[in-house]
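J.: following is a predicted model, sequence given first.
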Amino acid sequence: MTTIDGSSIKKLIVACDAGMGSSVMLAGQLKKQLKKSGVVVEHSPVAHIPQDADVVVTQAGLADRAQGVVPDVPVVPFQLFLGDPKVAKIVKAIQDGTTVEV
Amino acid sequence: MADAALTSLLAEDSIRLDAVASDRFDAVRQCGAALVAAGAVDESYVDAMIQRENTVSTFVGEGVAIPHGTLAGKESVKRDALVVLRFPDGVDWDGNAVSVCVGIAAAGGGHIALLSQLAEILLDPDKAEQLRNATSAEQVYTLLTPDEDDD
């Protein structure tokens, strides 16, 4: 379990292996959902996750590698590409400025 | 996205609606071959696509997979391009049934708008079904063109 404080998130990174397919698609969705909140949403290869990220979402199989790149940033693994309940929880926490356990 | 932008990324020759694959790796290889034929990647990119599929599945739901290479494989990409292969008989994708593969080659970000539109399709069961049942390139283009009123 990871605790995410929605009000402190300024930059959300969607990471995948190459940063050209899966992460691009999810980042596009999250950008739309988080447009009003002013949060920066970027996609990135796992190996190049920026150190100033506030939270990273990535496919379950890549979470360990992602955590290795940014040891101090919460990494949230998801199973479903679109409509994953964990990702939805984070989006809601950011929108509402609340804290969630994911 | 204007039509010209869409067709330069996804050529009509790169839309194949009656493909047949024996398994998911065969399907990935066919996507790779289509990207090679489109002049978007070197042959070695196909191996990177297989490697990526072995590591983490590119199944994204609604009967769709988006095979692409790895970070190392990016060196084999000559230009951003997509291919759409439809497998009417379906392909077993590690337990999931896939009937549409969108193969991706990207060195830059030219494909971002198109992938965002693909996400929109996948979130709309009716549109996803239309994509799975598409029988003409025209239908595929229409589905992948962002809505005018999309904010």
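T.: Looks like it came in fine. Numbering: from 1, shown residues only, chains lettered A, B, ... in the order given.
J.: which residue ranges of chain A form helices?
T.: Using DSSP state H, the helices found in chain A span residues A:22-33, A:63-69, A:85-96.
J.: report whether the first one contacts chain B.
T.: Yes - applying C-beta under 8 Å from any C-beta of the partner chain, one finds helix A:22-33 touching chain B at A:S22, A:V24, A:M25, A:L26, A:G28, A:Q29, A:K32. (Glycine included, C-beta is placed from N, CA and C.)
J.: for these, which one is nearest A:V91?
T.: Here the nearest of those to A:V91, counting by C-beta to C-beta, is A:Q29; it sits at 9.3 Å.
J.: ok so, going back, wait, which of the residues of helix A:22-33 next to chain B is closest to chain B?
T.: A:G28 (3.2 Å; C-beta to the nearest C-beta).
J.: run a quick neighbour tally on the closest one.
T.: Using other C-beta atoms under 10 Å in any protein chain shown, A:G28 has 21 other residues around it.
J.: so who does it touch?
T.: By C-beta atoms under 8 Å, 6 or more residues apart in numbering or on different chains, the residues touching A:G28 are B:I112, B:L115, B:S116, B:A119.
J.: and B:L35, by the same measure?
T.: Neighbour list for B:L35: B:S14, B:V41, B:Y45, B:V46, B:A81, B:V83, B:G103, B:A105 [criterion: C-beta under 8 Å, 6+ apart].
J.: just checking, the last one touches B:S44?
T.: Spelled out, it's B:A105. No - using C-beta atoms under 8 Å, B:A105 is not in contact with B:S44, being 11.9 Å away.
J.: so the residue positioned nearest the centre of chain B bridges to which residues?
T.: Most central in chain B under C-alpha atoms, centre = their mean is B:V102, positioned 1.0 Å from the mean C-alpha point. With DSSP bridges as the criterion, B:V102 is bridged to B:V84.
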